[in-house]
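Visitor: Can you look at this prediction? I've put the sequence above it.
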Amino acid sequence: MFFDPLYFIVLAPALLLGAWAQWRVHSSYRRAMQEPAPLSGAAAARLILDQAGLHDIPIEETPGELTDHYDPQSRVVRLSSGVYHSQSLAAVGIAAHETGHALQHAFGYAPLALRSIAVPAAIWGPNLSILLLIAGAIATLPVLILAGLALFSGFVAFQVITLPVEFDASRRARQRLAELRIVDEHGAMVVRDVLNAAAWTYVAATLQAILTLVYLIMRYGGLLGRSSDE
């Protein structure tokens, strides 16, 4: 698959969008890190959680850059060192976004629950589906090809579900930052730019998953009819 020119032709729009999205998110992040905020990322996250009554959710520092995330299994917000300590608009925006996921979890946001159910498909689906497709093609077993396509479809579903989860977390972040007066009007615009840039990376990932499924159907779908004819 990785040396098939058709793969790169089909995936070209997603690959280009992904490269642009990565450039934009790093560019907007670096600019917003230069914009001062009244609180550090960790302090902003703690304030948002406490105001929502979520005093039991800890905030931990995690290594790396842009490695920030909310862990629904452990119920902990993890912030990269730069975001945790920085008193910048980038830091408070990203920290608020991760607390947005904690709020979703605490108040039963349905798409987040669906995404949690689909996590195994995201972890195991892509690699296992390729193995099944290759095995099905070699052994001319349509059932393996169908199973491989179904598994990869589960991964696509996970990516699609992720979009509303991320958009809603950003909406909650902007709302809380404004309500708690952590950012002013200018700060709100800077935070919106950072979170919108991050959102494009999820859009690109979803498009790549969809186009990969299209490629797999084009590449292996014809074997289903051929096998049945034989």
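Guide: Received, thanks.
Visitor: Okay, buried residues for the one helix or strand A44 maps to please.
Guide: Assigned by DSSP states H and E, A44 belongs to helix 41-51. Using 16 or more other CB atoms under 10 Å as the test for burial, helix 41-51 gives 41-49. From N, CA and C alone the C-beta is placed, and that goes for glycine too.
Visitor: How far away from the center of its chain is that helix?
Guide: The chain centre lies 22 Å from the centre of helix 41-51; the measure is CA atoms, centre = their mean, to the nearest Å.
Visitor: residue ranges of the strands in the chain, please?
Guide: Assigned by DSSP state E, the strands in the chain fall at 59-62, 69-71, 76-80.
Visitor: Please identify the deepest-packed of these.
Guide: Compared across these, strand 76-80 shows the largest average neighbour count, a mean of 22 (mean count of other CB atoms under 10 Å).
Visitor: Rounded mean pLDDT for that strand, please.
Guide: Mean pLDDT, strand 76-80: 97.
Visitor: and it, what does it pack onto?
Guide: helix 41-51, strand 59-62, strand 69-71, helix 89-106 (3 or more CB pairs under 8 Å, 6 or more residues apart in numbering; DSSP states H and E).
Visitor: Please identify which of the ones you listed is closest to F155.
Guide: Distance to F155, taken as CB to CB, is lowest for strand 69-71 among these, at 19.0 Å.
Visitor: Just give me how far that closest one sits from the chain centre.
Guide: The answer for strand 69-71 is 11 Å, by CA atoms, centre = their mean.
Visitor: related to what we said a few turns ago, can you list the helices and strands that the helix holding A44 packs against?
Guide: Helix 41-51 packs on strand 59-62, strand 76-80, helix 81-85, helix 89-106, helix 142-179, going by 3+ CB pairs under 8 Å, 6+ apart.
Visitor: With distance to M189 as extra columns, can I get these in TSV?
Guide: Listed next are these as TSV, based on distance: least, CB to CB, whole Å:
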stretch	distance to M189
strand 59-62	26
strand 76-80	22
helix 81-85	19
helix 89-106	9
helix 142-179	10
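Visitor: Spit out the contact partners of the most centrally placed residue in the chain.
Guide: With distances taken as CA atoms, centre = their mean, Y202 lies nearest the centre of the chain, 5.0 Å away. Residues in contact with Y202 (CB atoms under 8 Å, 6 or more residues apart in numbering) are 159, 162-163, 166.
Visitor: which residues touch the closest residue to S27 other than its chain neighbours?
Guide: Closest residue in space to S27, ignoring its immediate chain neighbours: A197 at 7.6 Å, by CB to CB, 6 or more residues apart in numbering. Each residue near A197 by CB under 8 Å, 6+ apart is listed here: 21, 24-25, 27-29.
Visitor: what residue ranges in this structure score low on pLDDT?
Guide: Where the chain drops to pLDDT under 70, the residues are 1-2, 224-230.
Visitor: Just give me the longest helix of it.
Guide: Taking DSSP state H as the assignment, the helix of the chain that covers the most residues is helix 185-229.
Visitor: so how far is that helix off the chain centroid?
Guide: 11 Å.
Visitor: Could you shift the numbering so residue one becomes 29, and keep it that way?
Guide: Let's use 29 as the start, then, which means that last one is helix 213-257.
Visitor: by how many degrees do that helix and helix 170-207 diverge?
Guide: Helix 213-257 and helix 170-207 are oriented at 170 degrees to each other (axes from the mean of the first three to the mean of the last three CA atoms, to 10 degrees).
Visitor: ok, now which ones touch H113?
Guide: 68-70, 89, 119 are the contacts of H113 under CB under 8 Å, 6+ apart.
Visitor: What's the separation between it and S102?
Guide: 22 Å (CB to CB, to the nearest Å).
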